[in-house]
Structure formats: C-alpha cells, structure tokens
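Novice: Here is a sequence together with a model predicted from it:
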Amino acid sequence: MGLGTLDIAVLVTYFATILGVGLWFGRKERNTEDYFLGGRSQHWLIVGLSILATELSALTFVSVPGTAFLENWSYLQLYVGAFVGRLLVAYLLLPAFYGGSVTTVYEYLGQRFGPATRTTASIMFVLSRLLGSGIRLLAASIAISVVFGWSLNLVIVLSAMVAIVYTTFGGIRAIIATDALQALIFIGGAVAVILYLILAIPGGPDAALETANNAGKFHIFTVTGSLNNERLFWVLLINATILNMASMGTDQDMTQRMLTCPDLKKGQRSIIFNAILGLPTVCLFLLIGALLFSYFQAFPNRLPETIADKPDRVFPYFIANALPAGYGLRGLLVAGVFAAAMSSLDSALGALSSTAVTDLIRPYRRTPLTEHQALQLARLLTVGFGAGLAVLAIAFSNYDQLLWQAFKFVGLVFGGMLGVFLLGVLTRQRGNDFTNPAAMVSSFVILVALMLYQNATQKVIIAWPWWVVLGTTWTFVVGLMFRTDPKQSEIQ
C-alpha cells in the first residue's frame, strides 16, 4: 500500500498526539486511586466517549462493515437490547457500586457476600477479558496487516507494545483521554469513507443505495422463526439486554470508567450518553458495509475472491487498495484502524491490572502493600497482561467472522457473573459465599459442555444468544436457594 506525504503526516500526527495525550494525562499518578480511578474526578462526557471507543473499537471498525457486506444490517437488532441493558446498569447496578465506594465492581461482591464470591468473579473476569480483548486485538491487527501487507503476528506484537507504553505510565486518566480522542478519529474516518464511496460509485448515492437495498443489505428485523434462530429479533433482544447488563455492569473494563466520575449522577450520565451515541455510530459502520457491497458490484474486478469470502478483511483491503493516496484520506482511515487497536487494548490492560491488584493480590497479602508498591505492581502487571493478550490474539488468528465469535465466547462467562450481581442488588438475604462460586463455575462448565457438544454434533440444541440468559438464570436461581451468612449481613 502506498502512502502519500499527507497520509504519512496524518499518521505521524496521530501517533504523536496519542502518546503525548497519554503521557500528559498520566503525569500525576501518585497512588492507586489516581492510577485506577483518576482521582474520581473525570468528566462524564469524556468517560462516555471513552466507553464508546472501547466497546465499538476494533470489532466495529473491521467486523461490522464486513458483516453488513456479507450479510445485512441484522446486527442492529442487538442495539435495542443494548440500550435497555445500559439503562438497567445505570439505575440498578451503579447505585450499589457508588454506595460501596468501590475501586472494582468485585469489591462490591466482597462487601455483599464475602471473599470467595469476590475472588471467583475476579478470576472469571480476568479469563473472559483476556479472551475477549485478545479477539478485539486480533480484529484490529488483521486490518493493519491487510492494509500494510505486514505479518499479522508482527502487527499484534507492535500494537500491544504501543498501548502498553502509555497505559503503563498513565493509568486510567491516559486511557480515558486517549480513548475519547480515538473515538472521534474513527468516527471521523467512517464519515469520510462514506462520503468517498457515495462519490465513487457510478450513479451517485441513489444508485449506491438502490444496489445495496435490492440485495437485501438493509434488512434489519427478523421477527418470525424458531427460537433457536440466531438472528431472530426477540432472541437477540433478550440476549443483548442481558449481555449488555453483564458487559457494562459486571466487567471492570467498562465499569471502571463510570466509577471515575465524581458521583453517581455523573456516572449514570456517562453510560446514558454512551447508549445514545452508540446507535448512530454503529449505523455509520453498517452503512460502510452496504456501500462497499455496491462499490464492488460496480467494480467487481477490484475485489479478489480470496478476500470476498472473508468479511473481516474486506474493509481493510478497500482502505489499502481503493482509497486514493496522497490526499490524507488513506492516512486518516489507517489512523482509525490504529485507534481501534489501541482503544481495544489500553482499557483492558487498566481493568485487568486494577482487578489483579485490588481483588486478587491485596486481600491475600499477609503484609499490606504500600501505595508505592501497589502502583509499581499495577504497572508491572499491565506489561504482563499486554504480553498475554498478544499471545491470545496470535492463537486465534485462524478464526473468521470475529464479531459473532466474540459474542459466543463472552456469553459463556458473563451469565454466571451477572447472576450473582443481580442476586446482590435484587435480594437482601439470599446468596451465600460458599454456594455463589459453585453456581458461577457450574454455569460456565455447563455452557462450555453445551458448546463443545453442539460443535461436535453440528446440532443446535440451544443457540448461542441464549447462553448468557441460561447462565444468568442458573446462577441466580441456585443463589436464591441459600441464605446470606448472618455475619456478612451485619457488615451491610
């Protein structure tokens, strides 16, 4: 891929700005309160933008256009449930977290049930976040690899190294500031490429939209069919509501940002703003996919067959081979790809290090860590987790259609986690520190066994959108059968 002088200037400006912003905002990190929560003084608007960058990031930039190109807009069905799920997090879970003045959401479980529940949930988060963020890193790295023609493994390692630098130094302040900036970059890139496609397709916008529409690319809702239909609206509505409650309310990667706001109301504003802004952003990337279909229908010789059946590579291939060089547009889109990679990774590193230090190390140390020791340990763990994510991304490099794969894998873990959080906020005397971990782990084991059986037999007994619902229900119902330890109730 050729880059003109202006394209290179755009890229250099992007990297210099991201590193500068990250280092500047991280210059005052003196203790873990600063490093993990930014002194609880972050503006809700910036927090909402940073959540958007992490949530959409690589999978949106790469896989959503590919999904719309190969299929249609059915992915948008998830957003109805996503909005409902965010509202439930804002008004059901966040009050409990702010009420307990927690650093991580798993601290709340310790306050409500005890150390075993807290530790089990923390371990499940670490495992699920490593897997989920590994897939996100892979999605962005595929795009960069296709654009530049570089080795995929090399891109994964380089992307991880850049994010590790400013995250290790700057903590959550650097993550929030850089993610908010990167959200604006890849939204701006999406708008720019839509305008280019409309102008480049013969016949203009009317012809482009008509071609995509005639091919069914704008189809959204599937309201009739089997409850095991993975694209049925009612199935995805339930799945997205539960999954978004879990991902936004029990995943430290997302909730950590909300907890950096000064108070509950501002934390609620951040996630509601995120919910409102997310819809048009997703539509932008779905529109790119539909317009890419029209573009390659008009110019079929410009898309090799080896790329056409791999949706995660279509948009990167377009950036590398169809966008004109030398006008800054290609540089902006490549910067958007890098922004997707960085925002996928930095927040995961911050959440993983905060959870490891706060929930898995500090409670079990015979000699309490000083603030200096804890801060140094957090930075060391940030580097270690970055290396681990790179290894996992390389391990998953042969997977296609990463968008739906990511939803499948997180559904295995999030159900058990959400079930125990709901047990905490919806009941007063139910849930036990001995049985809660058993319920969460058994939920995961049951769902993994189900997935393996269905993969082996090629029979769909329970479609993947129901997995997170099943896991949540199982954990919640099992927890209801046991009373909270009276001593733990006294703590409350």
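Specialist: Arrived safely.
Novice: Start and end of stretch 196-205, how far apart?
Specialist: Length of stretch 196-205, first residue to last, C-alpha to C-alpha, to the nearest Å: 11 Å.
Novice: For it, what does the pLDDT average out to?
Specialist: What stretch 196-205 shows for mean pLDDT is 91.
Novice: Buried ones in it, by neighbour count?
Specialist: For stretch 196-205, the neighbour count (16 or more other C-beta atoms under 10 Å) marks Tyr196, Leu197, Ile198, Ala200, Ile201 as buried. In short, each C-beta sits where N, CA and C put it, glycine included.
Novice: before we move on, what about stretch 86-98?
Specialist: Neighbour counts over stretch 86-98 (16+ other C-beta under 10 Å) mark Arg86, Leu87, Leu88, Val89, Ala90, Leu93, Leu94, Ala96, Phe97, Tyr98 as buried.
Novice: can those residues go into a markdown table with extra columns for distance to Ile307 and pLDDT?
Specialist: As requested, these are exported to a markdown table (distance: C-beta to C-beta, whole Å; pLDDT from 0 to 100):
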| residue | distance to Ile307 | pLDDT |
| --- | --- | --- |
| Arg86 | 35 | 92 |
| Leu87 | 40 | 92 |
| Leu88 | 40 | 92 |
| Val89 | 38 | 92 |
| Ala90 | 41 | 93 |
| Leu93 | 42 | 91 |
| Leu94 | 43 | 92 |
| Ala96 | 48 | 91 |
| Phe97 | 45 | 91 |
| Tyr98 | 48 | 90 |
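Novice: Nearest to Leu332 among the buried residues of stretch 196-205?
Specialist: Among these, Tyr196 lies closest to Leu332 (C-beta to C-beta), at 10.5 Å.
Novice: does the closest one belong to a helix or a strand, and which?
Specialist: According to DSSP states H and E, Tyr196 maps onto helix 152-200.
Novice: What is the subsequent helix or strand relative to that helix?
Specialist: Next along the chain after helix 152-200, taking DSSP H and E as the criterion, comes helix 204-214.
Novice: returning to that earlier point: output the buried residues of stretch 86-98 in TSV, with distance to Met440 appended to each entry.
Specialist: Conversion of the buried residues of stretch 86-98 to TSV gives the following (distance: C-beta to C-beta, whole Å):
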residue	distance to Met440
Arg86	23
Leu87	25
Leu88	20
Val89	19
Ala90	24
Leu93	17
Leu94	21
Ala96	18
Phe97	19
Tyr98	24
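Novice: Closest to Ser397 out of those residues?
Specialist: Nearest member of the buried residues of stretch 86-98 to Ser397, counting by C-beta to C-beta, is Arg86, at 32.0 Å.
Novice: separation between the nearest residue to the closest one once chain neighbours are set aside and Phe83?
Specialist: Leaving aside its chain neighbours, Arg86 sits nearest to Ala275 (4.2 Å; criterion: C-beta to C-beta, 6 or more residues apart in numbering). With distances taken as C-beta to C-beta, to the nearest Å, Ala275 is found 5 Å from Phe83.
Novice: higher neighbour count, the two?
Specialist: Taking neighbours as other C-beta atoms under 10 Å, Ala275 and Phe83 compare with Ala275 leading, 23 against 18.
Novice: now that one: how far from Thr281?
Specialist: Ala275 is 11 Å from Thr281, where distance means C-beta to C-beta.
Novice: With Ser122 instead?
Specialist: Counting by C-beta to C-beta - Ser122 and Thr281 are separated by 31 Å.
Novice: Show me which of the two is the more surrounded one.
Specialist: Shown here are Ser122 and Thr281; by other C-beta under 10 Å, Ser122 has more neighbours (24 against 20).
Novice: Next, the closest residue in space to that one that isn't next to it in sequence: phi, psi?
Specialist: Leaving aside its sequence neighbours, Ser122 sits nearest to Asp359 (C-beta to C-beta, 6+ apart; 4.0 Å). Asp359 adopts backbone torsions of phi -110, psi -20, taken as degrees, to the nearest 10.
Novice: thinking Asp359 is in contact with Tyr106, fair?
Specialist: Yes: using C-beta atoms under 8 Å, Asp359 is in contact with Tyr106, at 4.7 Å.
Novice: circling back: I'd assumed Val84 was in contact with the residue nearest to Arg86.
Specialist: No: contact criterion C-beta under 8 Å: Ala275 and Val84 do not qualify, at 9.1 Å.
Novice: which neighbours do the two share?
Specialist: Residues touching both Ala275 and Val84 (C-beta atoms under 8 Å, 6 or more residues apart in numbering): there are none.
Novice: what bits of the stretch 1-150 of the chain have low per-residue confidence?
Specialist: 1-2, 26-31, 57-59 (pLDDT under 70).
Novice: ugh, typo on my part, it should be the stretch 201-350 of the chain
Specialist: In the predicted model, the stretch 201-350 of the chain carries pLDDT under 70 at residues 344.
Novice: Helices along that one, start to end?
Specialist: Counting by DSSP state H, counting those that start in this stretch, one finds helices in the stretch 201-350 of the chain at the ranges 204-214, 233-249, 252-258, 264-298, 305-308, 311-321, 329-355.
Novice: pLDDT value on Ile461, please?
Specialist: You'll see Ile461 listed with a pLDDT of 84.
Novice: so what's it up against?
Specialist: Residues near Ile461 by C-beta under 8 Å, 6+ apart: Leu450, Tyr453, Gln454.
Novice: Tell me the spatial nearest neighbour of the second one, not counting adjacent residues.
Specialist: Ranked by C-beta to C-beta, 6+ apart and with sequence neighbours excluded, the top spatial neighbour of Tyr453 is Ile461, at 7.5 Å.
Novice: pretty sure the one you found belongs to a helix, no?
Specialist: No: using DSSP: H, G, I helix; E, B strand; the rest coil, the assignment for Ile461 is coil, not a helix.
Novice: 47 is where my numbering starts, stick with that
Specialist: Renumbered: residue one is now 47, and that last one reads Ile507.
Novice: For stretch 85-101, list every residue counted as buried.
Specialist: Quick answer for stretch 85-101 (16+ other C-beta under 10 Å): 85-86, 88-90, 92-101.
Novice: There's contact between Leu52 and Tyr373 in this structure, I believe.
Specialist: Yes: using C-beta under 8 Å, Leu52 is in contact with Tyr373, at 6.2 Å.
Novice: just to revisit the earlier point, can you list the buried residues of stretch 242-251 in a markdown table and add distance to Phe71?
Specialist: Converted to a markdown table, those look like this (distance: C-beta to C-beta, whole Å):
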| residue | distance to Phe71 |
| --- | --- |
| Tyr242 | 33 |
| Leu243 | 35 |
| Ile244 | 37 |
| Ala246 | 39 |
| Ile247 | 41 |
